[in-house]
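>>> One predicted model, sequence on top.
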Amino acid sequence: MAEDGWTPLSHEILCKSLSLIDKTVEGSGYVFTKLDCSEKDPPLTHLGNKVQDYKHLKYVTLSKNQVEDLAPVSKLPHCLCLVASENKITKEGIECMKEADLPWCQVVDLSINALAGVFSFQTLGRLRILDLQENQITSLEGFDGHQNIEVLKLQKNQLETLQGLGPLPKLQKLFVSENKLTTLEGLQAETLEELEASQNQLTSMDFVEGAPQITTLNVTGNQFQGDDDLPEFKKLDTALPMLQTLLVASNPFCDTFPEPRKEILLVIPGLLKIDDTKVENEEREACVQLMKVRAEEKAEMEKKGLAAQLADILEKLPEEAAKKIMERETQGNEEILAAFPPPPEPSGDDADGGDAEPPPKPDPMPKLLKEIELQKELLQMATTEAEAAGVGLEAEAPPEDDA
C-alpha cells in the first residue's frame, strides 16, 4: 500500500512478478529465474529488501516505475540481464555498481532516467551491452573504460566531450547522437565499427583515429563547414581505412556546394555509401575525371602565378642577367617539347572519316608538372641574380584572412 507516495516492492508484488521456472545452476532443484515488475500501478519507488533473497534470478525488469536506487538488485550473482529503463535513477542510485555482485550480467539498461554522471562498470566483468541513453549525463569522468562492452548507448545526454570514456577494446557500436559534442577527444575503441554521432556540434574529425576500424560513421546534423577540399573529411581517408558508409546530411557544407555528395567522394574515393545511397560506378568514374580536371586547373594556376612573379623580376634585372634567364627558359621549353611532343596529325584516311577511333588525348599533367618545375628553376635563378645585382624585391603581401 502506498504511503506518502512511497511504494516499495512488497513481497506480494514480488511473488506475482516471478516467472520462468528453471533448474538451479548446480542442478539441485527448481527456482524462478525471471522477475518482471515493469509499469506497476501505482509505480514502484523502492525495491524493498526482499528481492536480493532470490539469488537465482537471471532476468530482472523494472521499467516504467519511479525507482531511484538499484542497490537491492546489485547482488544477484546469476543475473544476466537488468532492465531499469524509465525510472528516476540518479548517479547516486548506481553507486552500488562500484561493489556490485553481478559477475554474469551481460545487459544493463538504464535509459530514460535521471543520471547526471556515471561510475565505473568494471565490476560487471562480462557486461556486453550498456544503455545510458536519454539521461542528463554531462561528463564521462569516472567511467574509465571496460574490457568487454560491445554496444554502448549514450545518445540524448548533455556530453560535450568523450573524455573519461577510457579504453573499450571490444566495443563495436557507439551511439552518442543528440548530445553537445564539440570534439571526439577521448575515443579509444580499436574494434569500433559503427559510430553514431549525429545532431551534435562537431566541426573537426580530430581524434577519430582512436577508432581506426570504423566502417559506418554518422555525423549528420553537425557543424562541418564548406572549406575548400573539405580538409576535415579528407582526414578520414587515412584515419579510417575501413570506412564504407558516411552520413553527412544537414551540415553547413551541404549548402555551400551544389553537389556535396560529389565533394565527399573526391576526398574519400573508397566510400561505398553516402547518406545511405550506394555509390555507383558511373558516379565514381565521373569523380575521377573531375579530380583530374581540378588538378589540371590548379597546376595551370600555379604555373601562371610563377610566370607572373618571374616576369616582374625580369623587368628589374640588368639586361645581361635577364638575357641569361630567358636563354635558359628557351632551352627548358625545348627540352619539354622533346619529352612531350604534340600528337601526330591524323593521316589522310583518318581525316576522311574512317571507322578507326581517334587516338586518346595524352595526359596533360606530366607536361604541366615539368613546366612548373622549369618556372620554379627560373624564378630561383632570377631571385639569385636580383640579389647579386642589388635589385630590391618587394615581398609578396600575405593573403588577407577572410575571417
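Sure thing, it's come through. Numbering: from 1, shown residues only.

>>> pLDDT value on D276, please?
Here, the pLDDT recorded for D276 equals 85.

>>> That one touches A249, doesn't it?
No - between D276 and A249 there is no contact, the gap being 9.2 Å when judged by C-beta atoms under 8 Å. Just so you know, the C-beta spots here come from the backbone N, C-alpha and C atoms, and that holds for glycine as well.

>>> ok, these two, which is more surrounded?
Neighbour totals were compared for D276 and A249, and A249 leads with 15 against 11 (other C-beta atoms under 10 Å).

>>> what ranges of the stretch 251-400 of the chain fall below the confidence cut-off?
346-359, 392-400 (pLDDT under 70).

>>> A helix includes A308, no?
Yes - assessed with DSSP: H, G, I helix; E, B strand; the rest coil, A308 lies in a helix.

>>> what separates it from A321, distance-wise?
Here A308 is placed at a distance of 19 Å from A321 (C-beta to C-beta, to the nearest Å).

>>> List the residues that contact L76.
By C-beta atoms under 8 Å, 6 or more residues apart in numbering, the contact set of L76 is 51-52, 54-55, 57, 60, 82, 101-102.

>>> And K370, by the same measure?
K370 touches 336, 339-340, counting by C-beta under 8 Å, 6+ apart.

>>> cool, I21 as well?
Contacts of I21 were listed using C-beta under 8 Å, 6+ apart, and they are 30-33.

>>> In these, find the pair that's most separated.
By the measure C-beta to C-beta, Y30 and T33 form the most distant pair in the contacts of I21, at 9.5 Å.

>>> Spit out the residues that contact these two alike.
Both Y30 and T33 are in contact with 21-22, where contact means C-beta under 8 Å, 6+ apart.

>>> Could you check which of the two is surrounded by more residues?
Between Y30 and T33, T33 has the larger neighbour count (other C-beta under 10 Å), namely 22 against 11.

>>> Next SSE downstream of the host helix or strand of the more buried one?
Assigned by DSSP states H and E, T33 belongs to strand 30-36. Elements were assigned by DSSP H and E; along the chain past strand 30-36, the next helix or strand is strand 59-61.

>>> Mind giving me the packing neighbours of that next one?
If you count contacts as 3 or more C-beta pairs under 8 Å, 6 or more residues apart in numbering; DSSP states H and E, strand 59-61 packs onto strand 30-36, strand 81-83.

>>> Reformat the ones you listed as TSV; add distance to Q375 and mean pLDDT.
Converted to TSV, those look like this (distance: least, C-beta to C-beta, whole Å; pLDDT from 0 to 100):
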stretch	distance to Q375	mean pLDDT
strand 30-36	78	96
strand 81-83	70	98
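
>>> Please identify the most buried of the ones you listed.
strand 81-83 (a mean of 20; mean count of other C-beta atoms under 10 Å).

>>> partner strands of that one, parallel or antiparallel?
Sheet pairing of strand 81-83 (DSSP bridges) gives strand 59-61 (parallel), strand 107-109 (parallel).

>>> out of those strands, nearest to L44?
Among these, strand 59-61 sits nearest to L44 (C-beta to C-beta), with 11.7 Å.

>>> Outside of that closest one itself, list whatever touches it.
Outside strand 59-61, the residues that reach it (C-beta under 8 Å, 6+ apart) are 20, 33-38, 51, 73, 76, 79-83.

>>> Kindly export stretch 310-330 (C-alpha atoms) in PDB.
Taking Å, rounded to 0.1, in the frame of the first residue of the first chain, the C-alpha atoms of stretch 310-330 are listed here in PDB:
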ATOM      1  CA  LEU A 310      59.200  35.800 -62.900                       C
ATOM      2  CA  ALA A 311      58.100  38.500 -65.400                       C
ATOM      3  CA  ASP A 312      58.000  41.000 -62.600                       C
ATOM      4  CA  ILE A 313      61.600  40.300 -61.500                       C
ATOM      5  CA  LEU A 314      62.900  40.200 -65.100                       C
ATOM      6  CA  GLU A 315      61.800  43.800 -65.600                       C
ATOM      7  CA  LYS A 316      64.000  44.900 -62.800                       C
ATOM      8  CA  LEU A 317      67.100  42.900 -63.700                       C
ATOM      9  CA  PRO A 318      70.100  44.200 -65.800                       C
ATOM     10  CA  GLU A 319      69.800  43.200 -69.400                       C
ATOM     11  CA  GLU A 320      72.600  40.700 -69.300                       C
ATOM     12  CA  ALA A 321      71.100  38.800 -66.300                       C
ATOM     13  CA  ALA A 322      67.600  38.800 -67.900                       C
ATOM     14  CA  LYS A 323      69.000  37.500 -71.200                       C
ATOM     15  CA  LYS A 324      70.700  34.600 -69.300                       C
ATOM     16  CA  ILE A 325      67.500  33.600 -67.700                       C
ATOM     17  CA  MET A 326      65.500  33.900 -71.000                       C
ATOM     18  CA  GLU A 327      68.000  31.700 -72.700                       C
ATOM     19  CA  ARG A 328      67.600  29.000 -70.000                       C
ATOM     20  CA  GLU A 329      63.800  29.400 -70.500                       C
ATOM     21  CA  THR A 330      64.100  28.700 -74.200                       C
END
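
>>> Which single one of the contacts of L76 is nearest to P364?
L82 (66.2 Å).

>>> I'd guessed that closest one sits against Q106; true?
No - using C-beta under 8 Å, L82 makes no contact with Q106, being 9.5 Å away.

>>> Looking at the helices and strands packed on strand 59-61, spot the one closest to K361.
For K361, the closest of the helices and strands packed on strand 59-61 is strand 81-83, at 65.6 Å, according to C-beta to C-beta.

>>> How far away from the center of its chain is the closest one?
Chain-centre distance of strand 81-83: 30 Å, with C-alpha atoms, centre = their mean, to the nearest Å.

>>> Touching it from outside, list them.
By C-beta under 8 Å, 6+ apart, the list of residues contacting strand 81-83 reads 38, 58-63, 70, 73, 76, 102, 105-109.

>>> How about the contacts made by Q106?
Counting by C-beta under 8 Å, 6+ apart, Q106 makes contact with 80-81, 126-129.

>>> One more: L192?
Counting by C-beta under 8 Å, 6+ apart, L192 makes contact with 168, 171-174, 211, 213-214.

>>> returning to that earlier point: which residues does the strand holding T33 contact?
Strand 30-36 is contacted by residues 14, 17-24, 51, 54, 56-61, 78 when judged by C-beta under 8 Å, 6+ apart.
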